[in-house]
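Asker: Make a model of this:
(4 chains)
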Protein chains: 2
Amino acid sequence: MMISTRGRYALRVMLDLAENRKDGYIPMKEVAQRQELSLKYMERILPALVKEGFVEGLHGKGGGYRLVREPKDYTVREILRITEGDLAPVACLACDAKPCGRAGFCKTLPMWNRLYHTVNDFFDGITLEDLLEGRFDSVSVIP
Amino acid sequence: MMISTRGRYALRVMLDLAENRKDGYIPMKEVAQRQELSLKYMERILPALVKEGFVEGLHGKGGGYRLVREPKDYTVREILRITEGDLAPVACLACDAKPCGRAGFCKTLPMWNRLYHTVNDFFDGITLEDLLEGRFDSVSVIP
DNA sequence: ATTCTACCAACCTTTTAAGTAGGTAATATA
DNA sequence: TATATTACCTACTTAAAAGGTTGGTAGAAT
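Answerer: Residues are numbered from 1 along each chain as shown, chains lettered A, B, ... in the order given. You can find the predicted model right below:
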């Protein structure tokens, strides 16, 4: 599995905030209810998005979260980068990987590299707005 | 991380067998040494490839493993499918996933589906021969 | 003063990854 | 026939990650 619940849930929360963004600050309690997610778990994840300046959090009554940019100005890649960390498909390519002595002549490394590239490009090309508008619904299921 | 050592090592072993395939049966001891892999660990992984008819194993002195097909007739996808199992990027898409009630209106599912498709196509388009010939070496590293 | 909210630290449980240990069964060679 | 060599099998271990929960504190509105 490549993407854990952390990133997946974060995306769904961001989408929920995007859908309800006219209502000012939206309490996570509501979002969690709508999305059927654990409130407490989301409370653990959201501070990362705040710290990165992706959403604004307001304490107290009438508080909650709200998006800082327009939905079209968030790419899926940056949201996953913050919540999931590195999206490297293999350990050798992770940022914190210890240098591998075989890298110079490894027959498989270039392939992993290309996949890494492909996946990053994929997520780079999708914005919150794309998801909101359902621009991928025409994709067939894989057997 | 998407691909674990199981699949990565299996691929390297298959490549090693491909490179040395004129020498008849090749003992895993040699392969493990060349590839700097744990012999015992590989012994745990290879039976799956034998059972699927990807390699032949011969017991006893002079025994070892050998490829059954030509390198160009193995795709990376089938090797990973056997050693890694499902390549689904998210739990919702895995074969053994319990049906999700939100699937019908989930805004993110089509994206995961498309990624799944993309990754499978990617691995489908690469054969052992491609890797052997270094047909991916021109790929730049990602920052 | 009260209520609602974000935020934070510590803990917990289960699953997966990545092997290791110690064998048995088959095959060639001396 | 004895020995060496090899694949193959079962059980175990250790460490890390996933996926949360518990129990709070601090800030803001009414």
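
Asker: Just to check, A:D86 is in contact with A:C92?
Answerer: No. Using C-beta atoms under 8 Å as the test, A:D86 is too far from A:C92 to be in contact (11.7 Å). C-beta coordinates here come from the backbone N, C-alpha and C atoms, glycine included.

Asker: Just give me the neighbour total for A:G104.
Answerer: 7 (other C-beta atoms under 10 Å in any protein chain shown).

Asker: Looking at A:D86 and A:C92, which one has more neighbours?
Answerer: Set A:D86 next to A:C92 and count neighbours by other C-beta under 10 Å: A:C92 wins out with 19 against 15.

Asker: Would you enumerate the residues in contact with the more buried one?
Answerer: Contact analysis of A:C92 by C-beta atoms under 8 Å, 6 or more residues apart in numbering or on different chains lists A:100, A:103, A:106, A:109, A:112.

Asker: secondary structure element for the residue in chain A sticking out farthest from the centre?
Answerer: Distance from the centre of chain A peaks at A:F105, with 33.8 Å (C-alpha atoms, centre = their mean). Secondary structure from DSSP states H and E places A:F105 outside every helix and strand.

Asker: now A:G57
Answerer: Here A:G57, judged by DSSP H and E, is contained in strand A:55-58.

Asker: what does A:M2 give?
Answerer: Using DSSP H and E, no helix or strand contains A:M2.

Asker: What are the phi and psi values at the residue most central in space within chain A?
Answerer: Geometric centre of chain A, nearest residue: A:L80, 2.9 Å, by C-alpha atoms, centre = their mean. For A:L80, the backbone dihedrals (degrees, to the nearest 10) come out as phi -70, psi -30.

Asker: Tell me which residues touch the residue lying closest to it once chain neighbours are set aside, please.
Answerer: Nearest residue to A:L80, sequence neighbours excluded (C-beta to C-beta, 6 or more residues apart in numbering or on different chains): A:G7, at 4.7 Å. Counting by C-beta under 8 Å, 6+ apart, A:G7 touches A:79-80, A:83-84.

Asker: and if we set it to 6 Å?
Answerer: Residues near A:G7 by C-beta atoms under 6 Å, 6 or more residues apart in numbering or on different chains: A:80, A:83-84.

Asker: Now A:S4: closest residue in space, sequence neighbours ignored.
Answerer: With sequence-adjacent residues excluded and distances taken as C-beta to C-beta, 6+ apart, A:S4 is closest to A:E84, at 6.6 Å.

Asker: tell me the pLDDT at the one you found?
Answerer: Looking at A:E84, its pLDDT stands at 97.

Asker: That one and DNA strand C, how far apart?
Answerer: From A:E84 across to DNA strand C, the span is 16 Å (C-beta to the nearest atom of the strand, to the nearest Å).

Asker: From B:G24, how far off is the closest residue in space to A:L37 that isn't next to it in sequence?
Answerer: Nearest non-adjacent residue to A:L37, counting by C-beta to C-beta, 6+ apart: A:Y9, 5.5 Å away. Computed as C-beta to C-beta, to the nearest Å, the A:Y9 to B:G24 distance reads 53 Å.
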